[in-house]
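A.B. asks: generate a structure from the sequence data that follows.
(chains A and B)
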Amino acid sequence: MDNRMTPEELDEIAETERAAQGQFTQQVNVCVAAGCLSCQSQAVKDALDQEVARRGTKDHCQIKGVGCMGLCSEGPLVSTSVVATNAEGSDGARKEVLYKKVEAADGAAILDSLEAAPVSRLVCPTDVPFFQRQKKIVLENSGVIDPERIEDYVAHDGYVGLIKALTEMTPREVIDQVTKSGLRGRGGAGYPTGLKWSTVSKAVGTQKYLICNADEGDPGAFMDRSVLESDPHRVLEGMLIAAYAVGASEGYIYVRAEYPLAIKRLRTAIRQAERVGLLGSNICGTRFSFRVDVRLGAGAFVCGEETALIASVEGRRGMPRPRPPYPAMEGLFGQPTLINNVETYANVAPIIRNGGDWYAQIGTEKSKGTKVFALAGRVQNTGLVEVPMGISLREMVFEIGGGIPEGRKFKAVQTGGPSGGCLPTDCLDMPVDYESLAKAGSIMGSGGMIVMDESSCMVDVAKFFMDFCMTESCGKCIPCRVGTYQMHRILTAIGNMTATQQDLKMLQELCDLLRHTSLCGLGQSAPNPVVSTLKSFAEEYRAHIEDHQCPAGVCGRPAEKETA
Amino acid sequence: MSSYVAKPTPPTQDKRWKLVDATIRRQGQQARGLIETLHTVQEAFGYLDTQALRYVAMSLRVPLSRAYGVATFYHFFTLKPAGEHTCVICMGTACYIKGAPQLLDAVQRDLGIVPGETTPDKKVSLLTARCLGSCGLAPAVVYDQEVAGKVSTAAVREHLKKWTTA
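C.D. replies: This next block holds a predicted model:
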């Protein structure tokens, strides 16, 4: 059977789906992404389903499981949308309410409220900076569409970008648009995406591969997981457009095995796309063919590094190799390979749909567009936010994040995971973009943002990250394997109040050594947390070494710490 | 690649080897399928023992040393059977800041084991995770696949008590 999708058929699916959804005057969306699921949101959805069935209102009231709505700390979140009917009849406007901390028992009350006043005890105000300051491009469908139905994605302009690229643009034009947009790699390093694509498209090889890096290893980062759980088709569409642009015909999505829900939804999405002919041979009747397979990571942080990731996809230990040759020339199975992060691919479809110039209007001069951050730690509102580049850290922490709970004092914000740094109070007015963060001694990283208050000891935090790098070092190059161990040993000594000034000097020397002699990014950036805390919180190190005191009262229990 | 080399027969009559064989076939009996196959074995049997590693290595025609190397390199693979219940404490940054070390301390003291171990009565295995991605709910603990958020020391103790006394 010929199941090639034509643009007209896609339009038809979109129209049918929109018409079907338009029949529902009442819509209740329940978040079924991992954050809310662990607060029993599935029970809430089941209760709502039962209640609707019992009332017999199935024909106009729709209960839908959707992706992440952002404010994970207040979950389970439920949003309702009702076509407002007043004396003059319906004008199509919808009344929307967001509810927080909903329990299964609240189902009836919420359904009752649809035609009446909202349930005040559960209402989550949406006119606060947390929602107002965001600009959603990557997350535009998160919390809106059902991640397990391709029809819903198509009804929300899904795969329009792909059709446009395939039928109206040459691969060169696609790359030009991406270059014009100024999009940079969202995995952390910020390499210009257009440049990478054009290198791969020019590379010579019998077969080109595409890889999507979803090995989100940074502790404290969950953006990629959320995108995959909330809108998996967006990533597929981005990959398809990229594959068309660079001439790849086979792709892999490398996902952490720790994300079972993301894997499940991704596999569902791939199956659906194959069924309607958006993946496979001769997509949309063109000569373009593309296949995607999921590869599971197995819990190695170093596999976020591109050459290590390639080794892992090939079924070997995830150990990096020296570059050049870069994967763009010699990657998977020795062939030219394009590797981008989940969020990078998620940005592609809107860029092609709306043009590169549209995207380039957002953000700062050198960092365009938006960035998704996972805001967590000692901050009032924890969750997922997407903001334009160039927003200040102060706005992130105090407006969107809602400040520090329990009246405590802000101390630092950590960005970029174990490869990043801690930014103190005087960095608060700095804009968040690739260059500014690098200048301040941190990195953009994949987007984890952990806020710390005065109860955190910076030496302890540095030790925590060093412990991480030490365990995760693959052991291939000596500076990283031995250096991280020695740095961890010194930091432990400082924490136990047994270190001397000599040790501190050695620590600084090791920072320099690791940075310049390690093979891959893991070792090169492993000193960052130490360097940044040494710079901004030198006083705390001094207090540990000279006064044998921990200002935050965290360190200095060697007897108990031994067992940890 | 040729398929002339006879495929080894599964070590036991266990039906679960059929799942493993399916993955091996899907990967074209090639070395690149090593990690995928080990995932299937672990999913089916819960852990990787020497017998399984030998079988996978032979089926994919890779040296046993490489199969063992991959199995020990990645944290996700375990060579020991887990206890009846597993308790995973997230030690990601957000959870660390919000008191995961205290949770771990308490659990270690209650159970008398360190992460990666199982209690002598094979009731509970204690593990730590790098990051579950549930940072909005820090500190997070996974009890037998079920994620619980904003866990207090008292709560985790209580939960474990239910397991150990049951």
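A.B. asks: and the residue of chain B closest to chain A?
C.D. replies: Residue nearest to chain A within chain B: residue B:136 (2.8 Å; CB to the nearest CB). For glycine as for every other residue, the C-beta is placed from the backbone atoms N, C-alpha and C.
A.B. asks: number of nearby residues for that residue?
C.D. replies: Residue B:136 has 30 neighbours, counted by other CB atoms under 10 Å in any protein chain shown.
A.B. asks: how much space between the residue nearest to it when sequence neighbours are not counted and residue B:53?
C.D. replies: Spatial nearest neighbour of residue B:136, chain neighbours left out: residue A:72 (2.8 Å); criterion: CB to CB, 6 or more residues apart in numbering or on different chains. Per CB to CB, to the nearest Å, residue A:72 is found 39 Å from residue B:53.
A.B. asks: higher neighbour count, those two?
C.D. replies: Comparing residue A:72 with residue B:53 by other CB under 10 Å, the one with more neighbours is residue A:72, at 31 against 19.
A.B. asks: in contact with whatever residue of chain A ends up closest to chain B, which residues?
C.D. replies: In chain A, the residue that lies nearest chain B is residue A:72 (2.8 Å; CB to the nearest CB). By CB atoms under 8 Å, 6 or more residues apart in numbering or on different chains, the contact list for residue A:72 reads A:35-36, A:382-384, B:134-137.
A.B. asks: the residues you listed in strands, which ones?
C.D. replies: If you go by DSSP state E, the contacts of residue A:72 have A:383-384 in strands.
A.B. asks: make TSV from the contacts of residue A:72 and add distance to residue A:289 and pLDDT to it.
C.D. replies: Formatted as TSV, the contacts of residue A:72 follow (distance: CB to CB, whole Å; pLDDT from 0 to 100):
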residue	distance to residue A:289	pLDDT
A:35	37	86
A:36	38	89
A:382	43	91
A:383	39	91
A:384	34	92
B:134	38	82
B:135	39	83
B:136	40	81
B:137	42	84
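A.B. asks: out of the contacts of residue A:72, which is nearest to residue B:144?
C.D. replies: Lowest distance from residue B:144 to these (CB to CB) belongs to residue B:134, with 15.7 Å.
A.B. asks: hang on, isn't the closest one packed against residue A:38?
C.D. replies: Yes - the pair residue B:134 / residue A:38 is scored as a contact, 5.9 Å apart, by CB atoms under 8 Å.
A.B. asks: mutual contacts of those two, please.
C.D. replies: Shared contacts of residue B:134 and residue A:38, defined by CB under 8 Å, 6+ apart, comprise B:140, B:147, B:149.
A.B. asks: picking that back up, and the two most separated of the contacts of residue A:72?
C.D. replies: Pairwise distances across the contacts of residue A:72 peak at 13.7 Å for A:36 and B:135 (criterion: CB to CB).
A.B. asks: how about the strands in chain B?
C.D. replies: Counting by DSSP E, the strands of chain B are B:85-90, B:124-129, B:141-143, B:146-148.
A.B. asks: take those strands and lay them out in a markdown table including distance to chain A.
C.D. replies: Output for those, formatted as a markdown table (distance: least, CB to the nearest CB, whole Å):
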| stretch | distance to chain A |
| --- | --- |
| strand B:85-90 | 8 |
| strand B:124-129 | 7 |
| strand B:141-143 | 9 |
| strand B:146-148 | 4 |
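A.B. asks: stretch A:317-326 near chain B at all?
C.D. replies: Yes - judged by CB under 8 Å from any CB of the partner chain, stretch A:317-326 comes into contact with chain B at A:317-318.
A.B. asks: also stretch A:15-34?
C.D. replies: Yes - residues of stretch A:15-34 contacting chain B under CB under 8 Å from any CB: residue A:34.
A.B. asks: do stretch A:199-217 as well
C.D. replies: Yes - using CB under 8 Å from any CB, stretch A:199-217 comes into contact with chain B via A:216-217.
A.B. asks: go through that stretch and flag the buried ones.
C.D. replies: Neighbour counts over stretch A:199-217 (16 or more other CB atoms under 10 Å in any protein chain shown) mark A:199-201, A:203, A:205, A:208-217 as buried.
A.B. asks: stretch B:135-149 spans what distance, first to last residue?
C.D. replies: Its start and end residues considered, stretch B:135-149 measures 9 Å (CA to CA, to the nearest Å).
A.B. asks: mind giving me the domain split of the chain?
C.D. replies: All of this refers to chain A. Following automatic domain parsing, chain A resolves into domains at A:24-66+A:78-123, A:150-360, A:370-453, A:458-563.
A.B. asks: the intended chain is chain B.
C.D. replies: Taking automatic domain parsing as the reference, chain B has its domains at B:16-73, B:85-165.
A.B. asks: ok, of the ones you listed, where does mean pLDDT dip lowest?
C.D. replies: Lowest mean pLDDT within the domains of chain B: domain B:85-165, a mean of 90.
A.B. asks: now do it: distance from first to last residue.
C.D. replies: The straight-line separation of the ends of domain B:85-165 (CA to CA) is 12 Å.
A.B. asks: near chain B, which residues of the stretch 151-300 of chain A?
C.D. replies: Counting by CB under 8 Å from any CB, the positions of the stretch 151-300 of chain A adjacent to chain B are A:216-222, A:225-226, A:257-259, A:295-300.
A.B. asks: picking up where we left off before, neighbour count winner among residue B:134 and residue A:38?
C.D. replies: residue B:134 (29 against 23).
A.B. asks: what residues does the more buried one make contact with?
C.D. replies: Residue B:134 makes contact with A:34-35, A:38, A:72, A:222, B:90, B:140, B:147, B:149 under the criterion CB under 8 Å, 6+ apart.
A.B. asks: number of nearby residues for residue B:148?
C.D. replies: By the measure other CB under 10 Å, the count of residues near residue B:148 is 17.
A.B. asks: isn't it up against residue B:139?
C.D. replies: No - using CB under 8 Å as the test, residue B:148 is too far from residue B:139 to be in contact (9.6 Å).
A.B. asks: thinking again about what came up before, of all the strands of chain B, which one is nearest residue A:93?
C.D. replies: Taking CB to CB, strand B:146-148 is the member of the strands of chain B nearest to residue A:93, at 38.1 Å.
A.B. asks: show me what that closest one is packed against.
C.D. replies: Secondary-structure packing of strand B:146-148 (3 or more CB pairs under 8 Å, 6 or more residues apart in numbering or on different chains; DSSP states H and E): strand B:141-143.
A.B. asks: now do the strand it packs on: everything it contacts.
C.D. replies: B:85-90, B:103, B:129, B:132, B:147-148, B:151, B:156, B:159.
A.B. asks: check for me that residue A:443 belongs to a helix.
C.D. replies: No - read with DSSP: H, G, I helix; E, B strand; the rest coil, residue A:443 is coil and lies in no helix.
A.B. asks: not counting its neighbours along the chain, what's nearest it?
C.D. replies: Nearest non-adjacent residue to residue A:443, counting by CB to CB, 6+ apart: residue A:416, 4.0 Å away.
A.B. asks: my guess is the one you found contacts residue A:448. True?
C.D. replies: Yes - with contacts counted by CB under 8 Å, residue A:416 reaches residue A:448, the gap being 7.1 Å.
A.B. asks: shared neighbours of those two, anything?
C.D. replies: Any residue near both residue A:416 and residue A:448 by CB under 8 Å, 6+ apart counts here, and that gives residue A:218.
A.B. asks: so which bits of the stretch 351-500 of chain A are right by chain B?
C.D. replies: Within the stretch 351-500 of chain A, the positions adjacent to chain B are A:374, A:376-378, A:382-384, A:414, A:417, A:448, A:450, A:452, A:456, A:461, A:464-465, A:468, A:474 by CB under 8 Å from any CB.
A.B. asks: could you redo the last one with a cut-off of 7 Å?
C.D. replies: When proximity is defined as CB under 7 Å from any CB of the partner chain, the stretch 351-500 of chain A approaches chain B at A:374, A:376-378, A:382-383, A:414, A:450, A:452, A:456, A:464.
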